[in-house]
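Asks: Got a sequence here, can you build the structure:
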Amino acid sequence: MAGGFWIETLGCPKNSVDSDKIAGSLLAGGLEPAAAAGDAELVVVNTCAFIEAAREESIETILTIAETRAAGARLVVTGCLAERHGAELAEALPEVDLVAGFGVPVQLRSGPRWRPSAAAAAASAAAAPVAASAAPVAAEAAAAAAAGVPSLDLLELPRRRASAPWAYVKVAEGCDRQCGFCAIPSFRGPQRSRRPEAITAEVERLVAEGVHEIVLIAQDLASYGRDRSAAVPGPKGEGRGSGQPGVGRGADLRSLVERVGGLVPRVRLLYLYPSSLDDALIATVAASAVPYFDLSLQHASTRLLRRMRRPGGRLRFLERIGAIRAAAPGAALRSSFIVGYPGESEEDHDELLALLREAELDWAGFFAFSPEEGTYAAGLEGAPDAGLVAERLRECSELQDAITAAKRSALIGERIEVLVDGRGRARSYREAPEIDGVVRVPRTLAVGSFATVEVVSAAGPDLVARAA
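Replies: This next block holds a predicted model:
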């Protein structure tokens with residue numbers, strides 16, 4: 001007979017943390033983890049809805065689990081897709097027992113099939129009536145939202161015990177920015193930063209469980225803490241100052257990095273808006289044990305970035321990258337780029353290729369533009385056709401793959417310190433977990449230990465090393 005719970009997590013590291021918090025609440029409620037989805041009496045799918053491909057993957061995963069779950073098992077859908085399209089999902093997917101918005105308790109119980117978050121319920125009440133079965137729950141959640149009290153705050157829930165020597169820690173939820181292509185603020189809400197004391201308490205628990213690397217994450221990490229000060233203005237588009245004379249834009253994040261760095265050997269940041277990356281923040285990261293900079297660049301063309309409602313451009317980005325390398329010559333750099341944004345010309349694409357050649361990033365990801373309902377970009381004309389976008393993606397990927405391969409090959413013969421994540425698998429400061437390549441090491445090295453190894457070869461994005 002089925003027993004326990006299983007959580008299937010899709011999407012970004014922020015979702016992974018949410019799943020850990022959901023698991024923590026289920027464990028506190030007396031449920032135990034199941035060995036597989038097919039063995040569980042409760043299956044939770046934590047969905048992603050960032051772009052169309054992510055929504056399609058979420059739906060496919062839900063349908064697959066619905067078909068393969070154990071007889072009588074309860075299927076709950078939560079996460080971004082549930083928050084953004086909860087009522088439609090509940091109507092379109094009768095296989096699902098509960099569609100739960102952000103902060104809605106996930107338990108083994110019956111009730112309305114759609115339970116919106118407090119914020120979603122308030123928005124629904126203002127826009128249109130909801131389904132009769134969900135109306136009482138929506139009214140309850142709307143009342144909570146009006147009072148400023150979330151039905152359940154995932155940020156502050158205890159999480160399940162760490163299962164790896166590294167862990168993501170979410171330091172804030174939501175985003176105040178207005179990037180033209182991004183719908184996240186519409187369903188994650190404005191930025192809400194956690195208290196430093198709450199973050200360090202969570203880190204201390206993780207360290208006690210054997211974690212040696214903390215990865216700090218948020219939708220807008222460099223803006224951490226600004227919302228907690230009434231004197232600090234909200235951002236318009238991409239950039240803003242601190243609003244306080246003599247205080248750098250990343251002052252709160254710098255303080256947090258130093259605070260967490262006093263508790264754990266490695267602190268990694270994912271990710272940073274380039275306009276918020278001042279010299280003081282660069283110096284803080286450069287002086288840490290993880291001089292790794294994940295920069296949200298998105299493109300290189302100044303004209304197209306303005307159309308994306310973001311500042312910057314190739315020359316400005318190269319100046320910031322130069323400042324990073326001056327402060328930390330061995331720094332690792334990563335970024336992500338959108339290809340095919342409405343109005344992207346051949347000149348814009350050439351500008352992006354030029355940035356890739358000149359910046360020589362260690363890592364980069366490329367994504368086709370996805371029009372998102374309710375965003376500024378959804379109403380723009382001039383999107384390149386799919387075939388041209390595919391060709392541009394191929395050009396970017398081939399160029400970056402060659403740069404990454406050269407960067408990795410240049411490390412052959414070097415001695416590097418790695419954290420052993422699993423048998424035969426490790427990472428130096430240059431590799432973020434689950435995102436970048438890995439370092440293949442002897443299986444005799446103890447999981448959770450630090451080791452000095454010598455790089456003997458490179459295999460695409462991965463390195464092969466032996467004990468030094």
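
Asks: tally of neighbours for Met289?
Replies: Residue 289: Ala, not Met. Burial of Ala289 is recorded as 14 neighbouring residues (other Cβ atoms under 10 Å). All C-beta atoms are positioned from the backbone trio N, CA, C, and that covers glycine.

Asks: likewise the one 5 residues further on?
Replies: A count of neighbours around Asp294, defined by other Cβ under 10 Å, yields 21.

Asks: Quick one: distance of whichever strand or helix holds it to the chain centre.
Replies: Assigned by DSSP states H and E, Asp294 belongs to strand 292-298. In this view, strand 292-298 has its centroid 12 Å away from the chain centroid, taken as Cα atoms, centre = their mean, to the nearest Å.

Asks: could you point out which element follows that strand?
Replies: Following the chain from strand 292-298 toward its C-terminal end, the next helix or strand by DSSP H and E is helix 302-307.

Asks: Skip ahead from that next one and say which helix or strand is next.
Replies: Next helix or strand after helix 302-307 toward the C-terminus (DSSP H and E): helix 314-327.

Asks: which parts of that next one are buried?
Replies: Going by neighbour count (16 or more other Cβ atoms under 10 Å), the buried part of helix 314-327 is 314, 316-317, 320-321, 323-325, 327.

Asks: Closest to Tyr292 out of those residues?
Replies: Ile324 (10.2 Å; Cβ to Cβ).

Asks: How about the contacts made by the closest one?
Replies: Counting by Cβ atoms under 8 Å, 6 or more residues apart in numbering, Ile324 makes contact with 282, 286, 293, 331, 333.

Asks: Just the endpoints, please. Distance across stretch 438-449?
Replies: According to Cα to Cα, to the nearest Å, stretch 438-449 extends 15 Å from its N-terminal end residue to its C-terminal end residue.

Asks: which SSE is Val257 in?
Replies: Counting by DSSP H and E, the element that carries Val257 is helix 251-261.

Asks: other SSEs contacting that helix?
Replies: Under the contact criterion of 3 or more Cβ pairs under 8 Å, 6 or more residues apart in numbering; DSSP states H and E, helix 251-261 touches helix 196-208, strand 213-217, strand 266-270, helix 279-287.

Asks: coming back round to it: want to throw the buried residues of helix 314-327 into JSON lines with pLDDT and distance to Glu454?
Replies: Formatted as JSON lines, the entries for the buried residues of helix 314-327 read as follows, by pLDDT from 0 to 100; distance: Cβ to Cβ, whole Å:
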{"residue": "Arg314", "pLDDT": "98", "distance to Glu454": "37"}
{"residue": "Arg316", "pLDDT": "97", "distance to Glu454": "38"}
{"residue": "Phe317", "pLDDT": "97", "distance to Glu454": "34"}
{"residue": "Arg320", "pLDDT": "96", "distance to Glu454": "33"}
{"residue": "Ile321", "pLDDT": "97", "distance to Glu454": "29"}
{"residue": "Ala323", "pLDDT": "97", "distance to Glu454": "31"}
{"residue": "Ile324", "pLDDT": "97", "distance to Glu454": "27"}
{"residue": "Arg325", "pLDDT": "97", "distance to Glu454": "25"}
{"residue": "Ala327", "pLDDT": "97", "distance to Glu454": "27"}
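
Asks: Output those as JSON lines; include the columns distance to Gly38.
Replies: JSON lines is the format used below for the buried residues of helix 314-327 (distance: Cβ to Cβ, whole Å):
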{"residue": "Arg314", "distance to Gly38": "50"}
{"residue": "Arg316", "distance to Gly38": "51"}
{"residue": "Phe317", "distance to Gly38": "47"}
{"residue": "Arg320", "distance to Gly38": "49"}
{"residue": "Ile321", "distance to Gly38": "47"}
{"residue": "Ala323", "distance to Gly38": "52"}
{"residue": "Ile324", "distance to Gly38": "47"}
{"residue": "Arg325", "distance to Gly38": "50"}
{"residue": "Ala327", "distance to Gly38": "51"}
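
Asks: Go through these and name the one nearest Glu91.
Replies: For those, the minimum distance to Glu91 (Cβ to Cβ) is 44.7 Å, reached by Phe317.

Asks: Great, nothing more from me.
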